[in-house]
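Undergrad: coordinates only, no sequence provided:
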């Protein structure tokens, strides 16, 4: 049985198979050429969005008296 399998001709792809594959790959590359490679991945885009939302906060984490001395510190306010 193994001899019969070895005597069979090798499988060949249909004519113009590789040309069609290259043409299809070329169309896919052209369709995504407008965006940078890192932005085409959803994880990086989501992380960028989270970073922008984090950095562009309204300053609620900064105390209102950030630039003024505390009245309990013993320092005098400038006049």
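TA: Received, thanks. This one's a predicted model, so the numbers in the text were calculated from it and none came from an experiment. Numbers count the residues shown, from 1 in each chain.
Undergrad: which pLDDT value belongs to residue 59?
TA: pLDDT, residue 59: 61.
Undergrad: likewise residue 16?
TA: In this model, residue 16 carries a pLDDT of 90.
Undergrad: cool, and the one 5 residues further on?
TA: Looking at residue 21, its pLDDT stands at 88.
Undergrad: which helices and strands sit right next to the host helix or strand of it?
TA: Using DSSP states H and E, residue 21 sits within helix 17-31. Taking 3 or more C-beta pairs under 8 Å, 6 or more residues apart in numbering; DSSP states H and E as contact, there are no helices or strands that helix 17-31 lies on. C-betas here are computed from N, CA, C, even on glycine.
Undergrad: what is the subsequent helix or strand relative to it?
TA: That would be, after helix 17-31 and using DSSP H and E, helix 42-55.
Undergrad: per-residue confidence averaged over that next one?
TA: Here the average pLDDT along helix 42-55 is 85.
Undergrad: buried residues, that helix. List them.
TA: For helix 42-55, the buried set under the neighbour-count rule, 16 or more other C-beta atoms under 10 Å, is empty.
Undergrad: check which helices and strands it sits against.
TA: Looks like helix 42-55 contacts no helix or strand (3+ C-beta pairs under 8 Å, 6+ apart).
Undergrad: distance check, residue 14 against residue 24.
TA: From residue 14 across to residue 24, the span is 14 Å (C-beta to C-beta, to the nearest Å).
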